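*Asks:* Sharing a model prediction with you, sequence too.
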Amino acid sequence: MKLNCDLGESFGSWTMGLDEQVMPHIDQANIACGFHAGDPLIIQKTLLLAKQQQVSVGAHPSYPDLVGFGRRSLNCTEQEINAFILYQIAALDGMAKAEELELSYVKPHGALYNDMMKNATIRIAIIKAVSQYQKARQKTNKNSVLKLMIQATPQFNQHQQEAQAYDVELLAEAFADRCYDDDGSLLSRQKAEAVHSTENTLKQVKQLCEQGTITSISGKVLTLKVDSICVHGDNLAGVAAITDIKALIAQVK
């Protein structure tokens with residue numbers, strides 16, 4: 001089981017997250033592409049940090065919503081989604097190549113991620129953009145693969161079929177510290193129970209690793225196919241939890 005984390009989310013003089021403390025403990029870095037956070041210097045620094053720690057890098061694109069940190073849904077056409085996804089992937093991929101790194105996956109951010117999971121039209125638009133970029137890369141490197149990371153839900157097989165139609169491979173992720181609703185979606189952050197305590201976070205990770213399931217807010221057990229667990233490192237307690245999660249996964253193995 002791999003660990004992924006959203007990083008590179010500072011902007012100019014505004015600092016977000018504890019990237020240097022988090023990077024040694026994760027396997028995959030979801031790097032902001034400038035539309036919700038991140039600027040060229042921050043992107044470069046984050047890529048170099050990932051290279052130093054031998055962490056895989058992924059693009060973390062969002063709606064064009066820098067003021068709202070990408071947490072607001074925007075009414076965009078499929079053509080607009082295609083364009084801003086391609087733009088952000090290309091920016092991060094180009095900077096990664098300059099540091100001799102290969103971009104290996106794409107994970108949408110915030111409201112775009114949530115909307116992707118709820119709306120098939122948005123999801124397909126993102127899949128198409130990833131597919132288009134992957135095919136362009138394969139013209140110079142036939143073995144190049146660009147995966148799409150989405151939330152693991154009971155509907156994952158359906159989502160996988162959608163992606164396979166465009167030759168896109170999915171990575172399924174679960175969230176270490178988030179509580180789940182009965183349908184497999186994340187419980188809204190507006191609810192007090194949305195985020196687990198450290199104790200319950202570790203219980204959820206252990207259950208995922210040992211049984212391949214999570215327990216919803218009402219006690220329903222859901223089976224999830226999970227390739228990677230999303231962790232958060234924007235505070236010292238979060239960083240400490242990541243080290244505990246990594247140690248727990250090692251024990252389960």
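*Replies:* On my side now, so go ahead. Residues are numbered from 1 along each chain as shown.

*Asks:* Next one: residue 234 from residue 132, what distance?
*Replies:* 32 Å (Cβ to Cβ, to the nearest Å). For every residue, glycine as well, the C-beta is placed using N, CA and C.

*Asks:* In terms of helices and strands, where is residue 117?
*Replies:* helix 110-118 (DSSP states H and E).

*Asks:* Centroid-nearest residue for the chain?
*Replies:* residue 107 (4.1 Å; Cα atoms, centre = their mean).

*Asks:* contacting residues around the closest residue to it other than its chain neighbours?
*Replies:* With sequence-adjacent residues excluded and distances taken as Cβ to Cβ, 6 or more residues apart in numbering, residue 107 is closest to residue 149, at 3.9 Å. By Cβ atoms under 8 Å, 6 or more residues apart in numbering, the contact set of residue 149 is 4, 30, 58, 105-107, 170-173, 228.

*Asks:* Check the offset of the host helix or strand of residue 149 from the chain's centre.
*Replies:* Element membership for residue 149 (DSSP H and E) is strand 147-151. Strand 147-151 sits 7 Å away from the centroid of its parent chain (Cα atoms, centre = their mean, to the nearest Å).

*Asks:* got the angle for it vs helix 110-118?
*Replies:* 80 degrees (axes from the mean of the first three to the mean of the last three Cα atoms, to 10 degrees).

*Asks:* Starting from strand 147-151, tell me the next helix or strand along the chain.
*Replies:* Sequence order places helix 156-164 as the next helix or strand after strand 147-151, per DSSP H and E.

*Asks:* Give me the contact list for stretch 175-194.
*Replies:* 114, 117-118, 151-155, 195-196, 201, 204-205, 214-218, 220, 222, 224, 229-232, 241, 245.

*Asks:* give me that answer again for 7 Å
*Replies:* The contact list for stretch 175-194 (Cβ atoms under 7 Å, 6 or more residues apart in numbering) reads 117, 153-154, 195-196, 201, 204-205, 214, 216-218, 220, 222, 229-232, 245.

*Asks:* the strands in the stretch 1-150 of the chain, which residues?
*Replies:* All strands of the stretch 1-150 of the chain, identified by DSSP state E, counting those that start in this stretch, fall at 2-7, 28-32, 56-60, 103-106, 147-151.

*Asks:* do you know which of these lies nearest residue 139?
*Replies:* strand 103-106 (15.8 Å; Cβ to Cβ).

*Asks:* Name every strand pairing with the closest one and say which way it goes.
*Replies:* Take DSSP bridges as the rule and strand 103-106 pairs in its sheet with strand 56-60 (parallel), strand 147-151 (parallel).

*Asks:* Return the distance of it from the chain's centre.
*Replies:* The answer for strand 103-106 is 10 Å, by Cα atoms, centre = their mean.

*Asks:* just stretch 212-232 next, same as before
*Replies:* With Cα atoms, centre = their mean, you get 16 Å for stretch 212-232.

*Asks:* And for stretch 227-242?
*Replies:* Centroid displacement of stretch 227-242 relative to its chain, using Cα atoms, centre = their mean, is 13 Å.

*Asks:* Now that stretch: buried residues?
*Replies:* Of all the residues in stretch 227-242, those buried under the rule 16 or more other Cβ atoms under 10 Å are 227-234, 238-239, 241-242.

*Asks:* for the record, mean pLDDT for that stretch?
*Replies:* In this model, stretch 227-242 has an average pLDDT of 87.
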